[in-house]
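In: pasting the structure only:
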């Protein structure tokens with residue numbers, strides 16, 4: 001896909017035929033209504049870019065970029081952004097706006113529909129599209145990570161395994177303390193496939209080759225991968241590669257701001273992922289779906305949840321007043337997988353039952369619970385969905401505190 005075929009978000013749209021106009025620091029501060037020191041803070045956060053003109057004595061700023069930031073600030077201060085006064089730091093990576101979200105100005109659902117996970121990750125990290133790129137892991141790092149993961153108890157969950165794998169892989173990389181941009185990007189490209197390779201495959205005869213989604217599939221299912229299932233998994237990874245200010249991303253950024261190496265930063269994010277209002281929310285939704293499938297109807301299951309004072313997981317997202325675009329895209333792909341039909345019907349029953357009193361829509365929390373369980377894997381043991389190990393490695397956006405979901409329907413999903 002040519003990137004110019006997809007409409008960019010409004011704030012990044014250049015004015016056709018308008019020559020670039022540069023502003024001084026003083027002019028930029030006046031336009032934004034802030035002090036010059038705050039302008040330089042915007043630069044350090046990645047919200048503005050600066051340039052020194054040849055022979056000039058100070059930095060200059062792109063007028064259109066400054067005006068775009070001023071518009072965003074006005075929307076947020078007036079409450080029209082829908083953020084509800086949450087902690088928010090804008091970056092050039094992700095924008096969530098009006099039931100849509102964008103990666104570097106491109107609609108994320110369109111990007112995920114046309115590009116692989118690896119291509120999207122590279123686009124986020126560098127702003128360049130590299131068709132056909134795949135990430136490969138060094139054999140030494142994989143061997144160390146696998147030995148560490150294999151030593152864990154049988155009941156260890158996917159997140160436990162990923163955290164241990166990240167720490168073990170770090171010990172095999174003597175250059176991990178090199179924090180230059182090129183070095184960190186290189187670490188991200190090898191850490192992601194290392195984490196996937198460290199997870200035990202369901203079929204021992206599996207050979208790791210091809211795109212990352214193909215390799216990850218063998219860790220999630222014992223059945224051969226069909227095109228529809230691989231497309232779903234790859235799209236899910238692409239859609240969830242970043243989501244603005246997620247809680248785990250804050251943990252990664254805090255660790256990185258302390259000059260921790262990439263492995264340590266990713267490990268911090270994986271720790272936060274265990275929370276029931278974050279990555280573990282998929283496990284709660286999975287359990288609910290299994291209960292509905294056992295009962296044959298959602299009504300008694302929803303009633304039991306509410307009677308116990310629990311929210312219904314997976315419904316409603318504070319950042320999307322209408323519908324979570326990730327859920328919409330993934331549900332459409334699940335309809336192409338026959339084995340997912342019972343779980344999809346159960347999910348829709350839960351939504352319809354809950355919506356009798358409060359209008360709610362599903363979030364991306366339902367993505368994994370609705371996908372077929374691996375054959376031979378008892379459903380009750382498969383409740384904790386495997387989180388994407390992929391998103392943490394290159395995530396460079398800060399955190400948005402989403403609180404609880406709108407309408408009291410369920411915990412907010414901050415992935």
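Out: All right, it came through fine. Keep in mind it's a predicted model, so treat the numbers as computed, not measured.

In: neighbours around residue 165, how many?
Out: As a burial measure, residue 165 scores 30 neighbours (other Cβ atoms under 10 Å). C-beta: built from backbone N, CA, C; applies to glycine.

In: my bad, residue 204
Out: Residue 204, neighbours per other Cβ under 10 Å, totals 7.

In: tell me the pLDDT of it.
Out: Looking at residue 204, its pLDDT stands at 78.

In: and it, which of the three is it?
Out: The three-state label given to residue 204 by DSSP: H, G, I helix; E, B strand; the rest coil is coil.

In: what about it, distance to residue 222?
Out: Using Cβ to Cβ, to the nearest Å, residue 204 is found at 10 Å from residue 222.

In: swap in residue 101?
Out: Distance from residue 101 to residue 222, counting by Cβ to Cβ: 34 Å.

In: quick one, which of these two is more surrounded?
Out: Between residue 101 and residue 222, residue 101 has the larger neighbour count (other Cβ under 10 Å), namely 22 against 13.

In: am I right that the more buried one falls within a strand?
Out: Yes - assessed by three-state DSSP, residue 101 belongs to a strand.

In: how many neighbours does the closest residue to it other than its chain neighbours have?
Out: Excluding its sequence neighbours, the residue lying closest to residue 101 (Cβ to Cβ, 6 or more residues apart in numbering) is residue 108, at 5.0 Å. When neighbours are defined as other Cβ under 10 Å, residue 108 has 26 of them.

In: what about the stretch 301-415 of the chain, any weak spots by pLDDT?
Out: Low-confidence segments of the stretch 301-415 of the chain, defined by pLDDT under 70: 357-415.

In: repeat that for the chain.
Out: 1-20, 55-57, 75-91, 357-415.

In: what's the longest helix in it?
Out: Identified as the longest helix of the chain according to DSSP state H is helix 181-198.

In: chain center to that one: distance?
Out: Its chain's average C-alpha position is 17 Å from that of helix 181-198, according to Cα atoms, centre = their mean, to the nearest Å.

In: tell me which residues in that helix are buried?
Out: 184, 187-198 (16 or more other Cβ atoms under 10 Å).

In: pipe the residues you listed into JSON lines and attach distance to residue 63 per row.
Out: Putting the buried residues of helix 181-198 into JSON lines (distance: Cβ to Cβ, whole Å) gives the following:
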{"residue": "184", "distance to residue 63": "32"}
{"residue": "187", "distance to residue 63": "37"}
{"residue": "188", "distance to residue 63": "34"}
{"residue": "189", "distance to residue 63": "36"}
{"residue": "190", "distance to residue 63": "40"}
{"residue": "191", "distance to residue 63": "39"}
{"residue": "192", "distance to residue 63": "38"}
{"residue": "193", "distance to residue 63": "42"}
{"residue": "194", "distance to residue 63": "44"}
{"residue": "195", "distance to residue 63": "43"}
{"residue": "196", "distance to residue 63": "44"}
{"residue": "197", "distance to residue 63": "48"}
{"residue": "198", "distance to residue 63": "49"}
